[in-house]
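Participant: make a model of this:
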Amino acid sequence: MPELPEVETVRGGLAPVLEGHRLARVEARRPDLRFPLPPNFVQFLTGATITKLERRAKYLLARLDREDTLVMHLGMSGRFEISRPDGASRPGQFHSAPDPDPKHAHIVFETEAGTRVTYYDPRRFGYMALINTATFDLHPWFAALGPEPLSAAFDVERLRTTFAGRKQGPKTLLLDQRVVAGLGNIYVCEALNRARISPFKPAGGVPAARLARLVPEIKAVLAEAIQAGGSTLRDFAQTDGALGYFQHRFRTYDREGQPCRNDGCTGVIDRKLQAGRSTFYCPVCQK
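Facilitator: Numbers count the residues shown, from 1 in each chain. Take a look at the predicted model:
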C-alpha cells in the first residue's frame, strides 16, 4: 500500500494541474470504489474549483470553493494519470509496468483548461468521499489522527511520552495512526534500523540516546523518499508515469539475508512476521 512519501509524491504531481482550476466535467464510471460514492458526487463536483490540494496522513484532500472537501485514498493499487491538451496522454514512461487497462479507469476529472485526470484502481481498495470542511477534523477518519511526522508537532518529547512504560514494541506504536499519522511498514522498518532500535523489545525500555535519534531518522527517511519519488512497490507509480526509486536505498526493507548497511555493523538483515507484516531488521545492531 502506498505510504506517506508515495501519497505526497502524487499530491505534488497533481497540484500543478488541479490547484486553482475548475472541474468542468466529472465522470464516475461506476457507483462505488471500496465504498459507494456519495449519491451527489458528480453533480456536486462539476463546476467546483479546487483551491488547494493537501495531504493528511495517507489521504489526498482537495479543498473546494464549496462546503465540502474531496477526500481521496489510493488504497493498494489506485493511481492517477494526467492527460493534457498537448496530446501527451501519459507523460513519462512506466518502467516494467503494463499500460493501465481502460476498464479500471473509474473516475475522470476534467478541468476548464482541458486537463484530464483519471483515477485507475484495479483492486478497488481506494475510495473517495465528500466531507464537510467546517467539521472536517471531527470526522471519524481524521479525529483521532496523530501529528504529521514531518511537522514540528512530532518531536522527541512527544515520542518519549508515548513510549514511556509501554510494553509494545516501537514498531507497533509507530504504526498506530493515533501516535503519528501516515507512517507505514516500510519507513518504520527503515527508521528503526537507522536509529538502531529493536522493533520487538518494549518501547518503554528504548535507551534515551537511541530514542533521541529516532524522530530525526523518521523525518530524514521520509524526506529522502519524497525526494526520490517514493518506493514503487507493486502497483504504485507517480502521476507522470515514472516509478519511484527509493527502494534502491533501502537499508532493511526487502533485504533479508543481505549485509546491514549501518556503519561498523557486521550483521545480516533478518525478517520476522510481526502482527501479520514482515519486519526487516538487523539482529546485531538493533538490540
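Participant: rest of the way, CA atoms for contacts and neighbours
Facilitator: Will do.
Participant: please enumerate the strands of the protein.
Facilitator: Assigned by DSSP state E, the chain shows strands spanning 21-28, 49-56, 59-64, 68-73, 79-83, 105-111, 116-120, 127-132, 270-274, 277-281.
Participant: buried residues in the first one?
Facilitator: Okay, so that is strand 21-28. For strand 21-28, the neighbour count (16 or more other CA atoms under 10 Å) marks 21-27 as buried.
Participant: that strand pairs with which strands, parallel or anti?
Facilitator: Paired neighbours of strand 21-28 in the sheet (DSSP bridges): strand 49-56 (antiparallel), strand 105-111 (antiparallel).
Participant: can you mark which positions in stretch 212-231 are buried?
Facilitator: In stretch 212-231, counting by 16+ other CA under 10 Å, buried: 212-219, 221-222, 225-226, 228-231.
Participant: which members of those are the farthest-apart pair?
Facilitator: Comparing every pair within the buried residues of stretch 212-231 by CA to CA identifies Ala212 and Gly229 as the most remote, at 27.3 Å.
Participant: returning to that earlier point: can you add mean pLDDT and distance to Ala203 and give the strands of the chain back as JSON lines?
Facilitator: As requested, the strands of the chain are exported to JSON lines (pLDDT from 0 to 100; distance: least, CA to CA, whole Å):
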{"stretch": "strand 21-28", "mean pLDDT": "98", "distance to Ala203": "46"}
{"stretch": "strand 49-56", "mean pLDDT": "97", "distance to Ala203": "26"}
{"stretch": "strand 59-64", "mean pLDDT": "97", "distance to Ala203": "28"}
{"stretch": "strand 68-73", "mean pLDDT": "97", "distance to Ala203": "30"}
{"stretch": "strand 79-83", "mean pLDDT": "87", "distance to Ala203": "36"}
{"stretch": "strand 105-111", "mean pLDDT": "96", "distance to Ala203": "43"}
{"stretch": "strand 116-120", "mean pLDDT": "92", "distance to Ala203": "40"}
{"stretch": "strand 127-132", "mean pLDDT": "97", "distance to Ala203": "34"}
{"stretch": "strand 270-274", "mean pLDDT": "94", "distance to Ala203": "15"}
{"stretch": "strand 277-281", "mean pLDDT": "94", "distance to Ala203": "16"}
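Participant: out of those strands, which is closest to Arg261?
Facilitator: strand 277-281 (11.0 Å).
Participant: packing partners of the closest one?
Facilitator: helix 185-195, strand 270-274 (3 or more CA pairs under 8 Å, 6 or more residues apart in numbering; DSSP states H and E).
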